[in-house]
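Asker: sequence plus the predicted model coming up.
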Amino acid sequence: MVQSTVDRMFRCTQCNELLEVVYPNLAEAPREFGLRLREIWKERRTGTLPEDISGVWRFRELLPAIQRNNMITMCEGNTPLVKLTRAARELGLPELRAKHQGMNPTGSFKDTGISVAISMAKAEGYSFVCCASTGNTSASVAAYAARAEMKSIVLLPAGQVASGKLAQAIEYGAHVLQLHTDFDGCLNVLHDVVHRFPAYLLNSLNPYRLEGQKTVAFEIMEQMDWNVPDHVIVPGGNLANGSALGKGFQELRELGLIRNLPKISIIQAAGANPLVRTMRENGGNALVRVNAETRATAIRIGNPASWRKAVAVLNNSGGACEDVTEKEIAQAKAELGSEGIGCEPASAATLAGLKKLVRSGFVKANESVVLVLTGHTLKDVDYMLQAQINRVIGPMPADAAAVVAVLERIHAGN
Ligand code: F0G
C-alpha cells in the first residue's frame, strides 16, 4: 500500500522549493561522537553484511533510517580515488586525483543516490518507480528496481541518450518511453504523470537521492586520510550532484571531522550552461534557463531543478562555476584516456574546467584537487569512436610482415 506523506515531486507545498533531509543536532554532538563514527565506518569496510560493505549504507548514521529488509544495495560506492600524474604534471599541480564514480554497479554515480531513494520507495510500499533521464539515471533506476522486484518506467529524450545507457535500461527490464522532447520536457511530463499514476519519482528532486550521493564526500575524506583537498570539481546538469557533495562536506564539518570545506566548483558545457549564466547575470538570484545543446548528453539540461541548492554550495564553499566548449571537453577526455582513465564526456568537463581555473589563477600551483568523474567510459562509445576512429590502422592484410612494417614506422616516429 502506498502511504506517501510528502508531495509527489518533493516540493514544499508552501514555498514550492525542493525538500531537503536535515539532521538537526549534528553540530551540537560532542566531538567524540564524530570520531567514533569515523572508527565505525572504517571497521565496516572489512565486514560481510551488505549494509556494511556498501559505500553508501556504511555511513547510515548520516542517512535516513531504513529497515534492513527494505535496503536495496549492490555494494555501490567504494569507488577508487586515482592519481592523475600526467595531467598534474602538465598543469603544474602537486596533487591531482580523480574520484571515479563511473566504477559504480551500473557505471555512474547515480547508484549511490538511487540505492537510498529506491529503498524509501520500497519502505513506502510502492511497486512502480519512475524517472526522466539523460540516460544514467534510467540505467540505475532500471537495475535497482529489478533488484527490488519493482517495475520501472523511464522517460527519455528521443535520440539524445548514449546507446550504452539506453541498452542498460532495456537489459534491466525498464519500461522505456522515448518522448519527442528534451530532458527538461521529459521531467515536466513526469511531473503530471506522478500525479495521475502511483509511481515513485526517483529523479534528483527526490531528497533521498542527495543523501546517497553525498557519501562520495565521506569516501573522499577517508581516502585522503581526512586531509581536506583545496578543490573538488564536479560537472553540473540538473545540479543535484554538486549540491549533494556540498551537503556531505558540510555535515562532516558540523560533526567536527573536518575544519573547512573544499572549494566546490561546478563545470557545465558551454551549450548547456544555465548555472554559469545565472551566476554571471544575476549573482545566483534567479535561474536563467537555456535551450541546452551539447554532445555531453548526460548534462544536456537547460532548466536544472536543484539550481538553488547548487548556488548555496558555490557560495558556502567559495567554489567557481565555469563552462567549457565541446572542443575542450573532447580534448580533456582524450587526455584522461591517454593516462588510462576512461570516463564519459560529461565527466571530462571537470578536467577541461580545471584547466580554465588554473589559467585564471583560481586554482593555485600548490593546491590539491579532486575531479569527480561521474560516468564510465563505455557509456558513450559512439562519442569516442567518432572522435578517434581515424587512429585505427587498416583494414590491412593478415600478414606479419605488413604488421611489422607498420610497427617499424611507428617506432621510427613516422
Ligand atoms: N555526469 C553524468 C555522467 C551524469 O549522468 C549527470 C546527470 C551529471 C554528470 C550531472 O549531474 O544532474 O546531478 O548535475 N545525469 C542525469 C541523468 C541528469 O538523467 O542521468 P547532476
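Answerer: Thanks, I have the structure now.

Asker: which parts of the stretch 151-300 of the chain are strands?
Answerer: Applying DSSP state E, counting those that start in this stretch to the stretch 151-300 of the chain gives strands spanning 151-157, 175-179, 199-201, 231-235, 263-269.

Asker: JSON lines for those, including mean pLDDT, distance to Pro64 and mean neighbour count?
Answerer: C-betas here are computed from N, CA, C, even on glycine. Shown next, in JSON lines, are the strands of the stretch 151-300 of the chain (pLDDT from 0 to 100; distance: least, CB to CB, whole Å; neighbours: other CB atoms under 10 Å):
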{"stretch": "strand 151-157", "mean pLDDT": "98", "distance to Pro64": "21", "mean neighbour count": "24"}
{"stretch": "strand 175-179", "mean pLDDT": "98", "distance to Pro64": "27", "mean neighbour count": "16"}
{"stretch": "strand 199-201", "mean pLDDT": "97", "distance to Pro64": "14", "mean neighbour count": "24"}
{"stretch": "strand 231-235", "mean pLDDT": "98", "distance to Pro64": "23", "mean neighbour count": "29"}
{"stretch": "strand 263-269", "mean pLDDT": "98", "distance to Pro64": "23", "mean neighbour count": "28"}
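
Asker: save those strands as CSV, and put in distance to the ligand too.
Answerer: What follows is the strands of the stretch 151-300 of the chain, written out as CSV (distance: least, CB to the nearest ligand atom, whole Å):
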stretch, distance to the ligand
strand 151-157, 9
strand 175-179, 13
strand 199-201, 13
strand 231-235, 4
strand 263-269, 8
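
Asker: need the ones you listed in TSV (columns: distance to Gly319).
Answerer: Output for the strands of the stretch 151-300 of the chain, formatted as TSV (distance: least, CB to CB, whole Å):
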stretch	distance to Gly319
strand 151-157	29
strand 175-179	34
strand 199-201	28
strand 231-235	8
strand 263-269	4
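
Asker: and Ser265, what is it in contact with?
Answerer: Going by CB atoms under 8 Å, 6 or more residues apart in numbering, Ser265 touches His231, Val232, Ile233, Val234, Leu314, Gly319, Ala320, Cys321, Glu322, Gly353, Leu357, Phe362.

Asker: so is Asn16 in a helix, a strand, or just coil?
Answerer: coil (DSSP: H, G, I helix; E, B strand; the rest coil).

Asker: how close does it get to Arg308?
Answerer: Going from Asn16 to Arg308 by CB to CB, to the nearest Å gives 11 Å.

Asker: same check, this time on Ala292
Answerer: Ala292 sits 19 Å away from Arg308, going by CB to CB.

Asker: higher neighbour count, these two?
Answerer: Set side by side, Ala292 and Arg308 show more neighbours around Ala292, with 24 against 17, by other CB atoms under 10 Å.

Asker: how about that one, phi and psi?
Answerer: Per-residue torsions, Ala292: phi -80, psi 140 (degrees, to the nearest 10).

Asker: is it true that it touches Ala272?
Answerer: Yes. Under the criterion of CB atoms under 8 Å, Ala292 makes contact with Ala272 at 3.7 Å.

Asker: mind listing what Pro157 touches?
Answerer: Per CB under 8 Å, 6+ apart, neighbours of Pro157: Thr134, Gln178, Leu179, Thr181, Asp182, Phe183, Gly185, Cys186, Arg300.

Asker: separate out the buried members of these.
Answerer: Taking 16 or more other CB atoms under 10 Å as the criterion, what is buried in the contacts of Pro157 is Thr134, Leu179, Thr181, Asp182, Phe183, Gly185, Cys186, Arg300.

Asker: rewinding a little: now do the shared contacts for Ala292 and Ala272.
Answerer: By CB under 8 Å, 6+ apart, Ala292 and Ala272 have these common neighbours: Arg300, Ile301, Gly302.

Asker: what about the last one, distance to the ligand?
Answerer: Distance of Gly302 to the ligand, given as CB to the nearest ligand atom, to the nearest Å: 12 Å.

Asker: what do you get for Val56?
Answerer: 16 Å.

Asker: Gly212 now?
Answerer: Distance from Gly212 to the ligand, by CB to the nearest ligand atom: 12 Å.

Asker: for that residue, give me its contacts.
Answerer: Per CB under 8 Å, 6+ apart, neighbours of Gly212: Val56, Leu63, Glu76, Thr112, Gly113, Ile114, Ser115, Val116, Ala117, Ala244.

Asker: just Asp323 next, same as before
Answerer: Contact analysis of Asp323 by CB under 8 Å, 6+ apart lists Ile267, Gln268, Ala269, Ala270, Asn273, Val276.

Asker: what bridges to the third one?
Answerer: It refers to Ala269. Taking DSSP bridges as the rule, Ala269 bridges to Val324.

Asker: isn't Phe33 right up against Leu255?
Answerer: Yes. Counting by CB under 8 Å, a contact exists between Phe33 and Leu255, whose distance comes to 7.1 Å.

Asker: ok, those two, which is more surrounded?
Answerer: In this view Phe33 and Leu255 are compared by other CB under 10 Å, and Leu255 has more residues nearby, 21 against 16.

Asker: nearest residue to the more buried one in space, please, no chain neighbours.
Answerer: Excluding the flanking residues, the one nearest Leu255 by CB to CB, 6 or more residues apart in numbering is Gly34, at 3.7 Å.

Asker: now Lys356
Answerer: Glu322 (5.3 Å).

Asker: quick check, the one you found in a strand?
Answerer: Yes. Judged by three-state DSSP, Glu322 forms part of a strand.

Asker: what about it, neighbour count?
Answerer: 25.

Asker: please list all residues in contact with it.
Answerer: Glu322 sits in contact with Ser265, Ile266, Ile267, Gln268, Val276, Gly353, Lys356, Leu357, where contact means CB under 8 Å, 6+ apart.

Asker: tell me the two of the buried ones among the contacts of Pro157 that are most distant?
Answerer: Greatest spatial distance among the buried ones among the contacts of Pro157 (CB to CB): Leu179 and Arg300, at 14.1 Å.
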